[in-house]
Every structure is written in C-alpha cells, then in structure tokens.
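S.K.: Turn this into a model:
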Amino acid sequence: MSMDTAPNIPADMIRPPVNRAMRVLDRSFFRKNVILSAAKINDRKQISKIRVDLDHDVLRVGRMQSVQSIRGPQGEESKAVLLHPRIKTDDSSTWSPKISELVESSQIDLTPYNLEIDYDYWNYQDIMSAILPEEEQNEYPTGFSIVGHVAHLNLREDYLPYKHLIAAVLLDKNPVIRTVINKIDEVGDQNAYRTFSYELLVGEPNLNVEVHEQNCVFRFDYSKVYWNSRLETEHRRLVDKFRPGEAVCDVMAGVGPFAVPAGKKGVFVWANDLNPDSFASLDDAVKRNKVSKFVKPFNEDGRTFIKTSAKRLLESDIRVDITPKNRASRKTPSSIELARTIVTSPKTFNHYILNLPASAITFLPAFIGLYASHSNQFTPHTPTKLPTIHVYCFNTKSDDNKQEEMKICKEISKQIGYEMKPGNLEKEGEVEIWDVRDVAPMKRMFCASFRLPGQVAFRQAER
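M.R.: Residues are numbered from 1 along each chain as shown. Purely as a prediction, here's the structure:
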C-alpha cells in the first residue's frame with residue numbers, strides 16, 4: 001500500500017478502484033466514496049484546540065487534511081475533524097472518552113461524512129497498482145529519467161502493451177513533465193554520438209529542454225545529444241577533484257556537464273565533442289554560463305584531439321584577468337589603479353576525461369608518445385606531474401568488483417602497452433577504479449583513473 005496511512009486503518013479503505021483491463025486511461029473510473037464520522041466543531045475559535053484534543057481519534061491519511069469544511073441542512077458552513085473509521089456516529093460505544101466529553105459539553109457534534117476521493121488524489125504509484133497486472137506489481141515502471149520537461153522511459157517488453165497508459169498517468173501526476181517518450185534502441189547502437197531512437201507516447205512533440213546542474217544551465221535538443229541526469233553525482237565527484245588554475249582536457253565533452261562547472265570554478269578546460277549538435281550546445285552553455293575565459297569548445301575527432309590539444313597547449317600563452325570588478329569605481333581616484341589578478345594556464349593538462357564508456361578505452365593508444373621529446377616539462381625536471389587520465393567504461397558486475405577491476409586494468413595495459421594493476425592512482429602503474437552505477441542487471445559503469453606512465457608518455461615512435 002503506497003498511501004501513507006495509520007497502520008490500523010483498513011488497507012483497502014483508500015486504495016483506488018481496480019481495473020486491470022484498462023488500456024486507455026479513464027480518469028472518471030477512479031472515484032471512491034468512504035463513509036466516516038466527523039466531529040463538527042461548534043465554535044470556530046476552538047478548531048486548533050479540539051484538533052489537538054482528538055489527536056488519537058483523528059483520521060490520518062497521507063496527502064489529506066484532517067480538518068474539512070462541511071455544510072449543514074441550511075447550507076451553513078462549519079469545520080469538522082475527520083475521525084478514524086472505527087468511530088461510528090450512531091454507536092457511542094465506539095467513542096473515546098475524549099469524544100464523549102466533547103459531545104456532552106456541546107463543543108462538538110458527531111455527524112456522518114462522505115469522504116469523496118477521485119483520480120486527482122492518487123499518485124502515479126497508486127494508479128499503476130490498480131491497472132497493471134498483479135504479477136507486475138513489484139517492478140512497475142518507476143525508473144524513468146526526467147530531462148527538463150521530458151520524461152524518458154525505457155520500458156521492458158512486458159510493459160509495452162501499457163505504454164500509452166503509463167505515459168498518460170505519468171504526465172498527469174508530475175507537473176514538470178510535458179512530454180513522455182520511450183527509448184526503442186540502445187544508446188549508441190545507431191550512431192557514434194550516443195543518441196537514441198525514441199517514440200513519443202504523450203504530450204508535446206518538443207525535445208528542446210533546459211536543465212540545471214551544479215548551478216549551471218544547459219539547453220539542448222535531447223533527441224540530438226547525449227545527456228543522462230543520473231550522472232549528476234558522478235559529474236560533481238570528478239569536478240570536485242579539479243583545482244582552480246589547473247588545465248583539463250575533456251575529450252568527449254557532450255554539452256559540457258564536466259567542462260562548464262569546472263570552468264565556473266576557475267579551471268582551464270579544453271572541451272571537445274565530435275557531434276556537431278553537442279558542440280553547438282556546448283558552445284551555448286559556455287556563453288550562457290559566462291565561462292568563456294576558461295572553457296574552449298572544439299568539434300574534432302577525439303583521438304586526434306588528444307594529441308593536437310597537448311601540442312597546442314604547450315605552445316600557448318593563456319592568461320585570464322580575474323580581478324574583481326570595482327563596484328565603487330566612481331569614488332576611486334583615476335590615479336589609483338587596483339592591483340590586477342592574472343591567472344596563467346599550465347602548459348600541460350593536469351587531467352584528461354574520456355567519457356564514452358562503450359569505447360573510450362580504445363582511445364588510450366593516442367596517449368602513447370604524447371610528450372615524446374618533452375620530458376623536461378615534468379617531474380623530476382619540474383614540479384609538474386604527468387596528467388591523470390579518467391576513462392569511463394562498461395563491464396560486468398559482481399559483489400566485490402575484483403574480477404572486473406582486473407579485466408579493466410588488463411584492457412588498459414593492452415591499449416597503452418604498459419602493465420597496469422588495481423591500486424592507488426598516485427603510484428605509477430596503478431589504477432584507481434570507481435564504481436559509478438548499474439546500467440543493466442549484469443552491467444556496470446566504471447571510471448578508471450590513473451597517472452599516465454612516463455614510459456608511455458615519453459615513448460618515441462618506432463622507425
């Protein structure tokens with residue numbers, strides 16, 4: 001029972017009517033009358049006091065006020081406290097001592113009350129429990145994503161006969177939602193941009209959305225770019241690792257959920273995406289969130305970008321003036337100049353992000369020889385460390401993930417030609433693996449983070 005009720009209220013008292021043959025939503029079907037007793041309060045000034053006095057006798061049902069307006073025979077309006085169904089108006093043996101006392105002192109009168117409940121009262125889960133087959137009650141669709149005004153379903157085959165019914169109820173019960181779609185293929189199966197095919201189930205045929213994450217605003221056409229609201233915690237986790245003044249290369253940046261928040265905290269980000277629509281939305285997000293000084297958007301092939309961005313950054317001279325604006329400039333003598341604060345970008349990236357779980361590991365060979373002939377830029381010649389790579393991937397799942405971690409490290413080793421093992425990312429040759437989330441019953445998303453080994457970064461090309 002999903003309704004929040006007192007444990008001793010009959011379980012079926014406020015359940016919605018059941019119709020498991022329904023295929024087209026009939027809102028008028030969901031009406032119910034429950035006959036109760038109510039304590040009519042004779043002095044309106046005493047409403048709060050009497051409500052407290054009757055605390056143990058009050059009807060407690062989630063999303064329902066216990067004090068209601070009632071009308072007398074002449075149409076006069078009064079306030080009444082709804083009482084627990086065990087209390088009968090015409091049977092004083094069911095009354096508590098407090099009710100008897102208040103009736104005898106004429107502070108209240110007991111009267112029958114017809115509690116009318118309709119479709120608007122019940123929530124999505126309540127209605128689903130009344131229309132889906134009983135064998136599906138334990139797993140009815142609740143795992144949908146909301147992206148802006150769009151609800152994105154990924155329905156199992158068992159639920160496809162009910163898809164329009166589910167969508168209609170979902171639209172009714174969530175005021176944020178104006179469009180409900182259902183995914184009809186796996187992300188990335190049809191193209192390299194991680195977009196998906198979908199069907200519109202109900203609502204506006206408009207997938208231009210606005211979403212807010214980490215105090216940033218993103219606008220995009222959800223049908224043309226990749227976005228997953230369930231990754232907000234992961235976006236935040238990684239961005240929290242970046243320090244102001246560092247340089248980050250986001251190779252598959254999408255619309256910028258890593259890049260834009262990082263730029264907002266003063267991190268230099270070179271953000272790239274192959275998808276022209278993602279690039280356009282990324283460029284818009286950079287401008288909209290006023291991080292153009294720190295975030296540079298690119299629209300290039302990821303493997304090429306890894307190499308070319310490293311070379312371009314080495315040759316760059318990027319300086320950003322972050323001097324606070326002088327709000328009292330009119331009062332400041334023109335001869336007095338405020339000290340300026342200039343932040344200079346590093347010549348090498350501190351972090352690389354490869355967020356393309358289905359294939360990002362195959363991009364790792366691009367790091368072989370990335371800084372060949374430039375070893376003088378790094379420890380022990382300078383305090384600068386080689387970059388940390390954060391590569392996302394999918395793998396199977398187990399209770400402790402030990403086997404999966406070994407598989408991931410084995411694949412990383414194969415791609416970069418250097419043996420890697422699970423461990424601490426601060427130690428060369430070790431990989432720190434973070435369990436991001438489940439994506440399917442036997443499939444998990446991981447983030448593998450490791451320091452680029454010197455023997456990989458400085459390896460000269462074979463002749």
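S.K.: low-scoring stretches of this protein, by residue?
M.R.: Judged by pLDDT under 70, the chain has its weakly predicted residues at 1-9, 11, 136-140, 142-143, 186-191, 326-338, 461-463.
S.K.: so what are the domain limits for it?
M.R.: 32-117, 134-208, 212-326+337-457 (automatic domain parsing).
S.K.: JSON lines please, covering the ones you listed and showing mean neighbour count and distance to Arg15.
M.R.: C-beta here means a position set from N, CA and C on the backbone, and glycine is covered the same way. Listed next are the domains of the chain as JSON lines, based on neighbours: other Cβ atoms under 10 Å; distance: least, Cβ to Cβ, whole Å:
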{"stretch": "domain 32-117", "mean neighbour count": "15", "distance to Arg15": "8"}
{"stretch": "domain 134-208", "mean neighbour count": "16", "distance to Arg15": "12"}
{"stretch": "domain 212-326+337-457", "mean neighbour count": "18", "distance to Arg15": "31"}
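S.K.: Among the ones you listed, which comes closest to Tyr124?
M.R.: Across those, Tyr124 has its closest neighbour in domain 134-208 (4.2 Å, Cβ to Cβ).
S.K.: Now do that closest one: distance to the chain's middle.
M.R.: Centre-to-centre, domain 134-208 and its host chain are 15 Å apart (Cα atoms, centre = their mean, to the nearest Å).
S.K.: Check stretch 393-408 too.
M.R.: 24 Å.
S.K.: First-to-last residue distance for that stretch?
M.R.: Using Cα to Cα, to the nearest Å, the end-to-end distance of stretch 393-408 comes to 8 Å.
S.K.: what's Glu432 in contact with, if anything?
M.R.: Contacts for Glu432 (Cβ atoms under 8 Å, 6 or more residues apart in numbering) come out as 422-425, 448-450.
S.K.: Checking it next. Helix, strand or coil?
M.R.: Under DSSP: H, G, I helix; E, B strand; the rest coil, Glu432 falls in the strand class.
S.K.: what is it paired to in the beta sheet?
M.R.: Counting by DSSP bridges, Glu432 forms beta bridges with Ser449.
S.K.: Tell me if I am right that Ile389 is in a strand.
M.R.: Yes: assessed by three-state DSSP, Ile389 belongs to a strand.
S.K.: Okay, it and Pro141: tell me how far apart.
M.R.: In this view, Ile389 and Pro141 are 37 Å apart by Cβ to Cβ, to the nearest Å.
S.K.: Could I get the domains of the chain in CSV, plus columns for distance to Val18?
M.R.: Formatted as CSV, the domains of the chain follow (distance: least, Cβ to Cβ, whole Å):
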stretch, distance to Val18
domain 32-117, 11
domain 134-208, 9
domain 212-326+337-457, 30
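S.K.: and of the ones you listed, who's closest to Pro17?
M.R.: By Cβ to Cβ (comparing all of these), the closest turns out to be domain 32-117, at 6.2 Å.
S.K.: how about the helices of the stretch 251-400 of the chain, start to end?
M.R.: When assigned using DSSP state H, counting those that start in this stretch, the helices of the stretch 251-400 of the chain occupy the ranges 259-264, 276-288, 302-314.
S.K.: I'd like to know which elements the last one is packed against.
M.R.: This means helix 302-314. Contacts defined by 3 or more Cβ pairs under 8 Å, 6 or more residues apart in numbering; DSSP states H and E place helix 302-314 against strand 247-250, strand 268-272.
S.K.: And for the shortest one?
M.R.: Where contact means 3+ Cβ pairs under 8 Å, 6+ apart, helix 259-264 is packed against strand 216-221, helix 232-239, strand 247-250, strand 268-272, helix 276-288, strand 295-298.
S.K.: can you map out the strands along the stretch 1-150 of the chain?
M.R.: Here the stretch 1-150 of the chain has its strands, by DSSP state E, counting those that start in this stretch, at 32-41, 67-71, 77-82, 108-117, 145-147, 150-153.
S.K.: Out of those strands, flag the one nearest Met13.
M.R.: Closest approach to Met13 among those (Cβ to Cβ): strand 32-41, 6.0 Å.
S.K.: Any chance you could list what contacts that closest one?
M.R.: Residues from elsewhere that reach strand 32-41 (Cβ under 8 Å, 6+ apart): 13-14, 16-17, 47, 50, 54, 57, 59, 68, 70, 78-83, 85, 87-89, 99, 102, 107-118.
S.K.: If anything else comes up later, I'll come back, but that's it for now.
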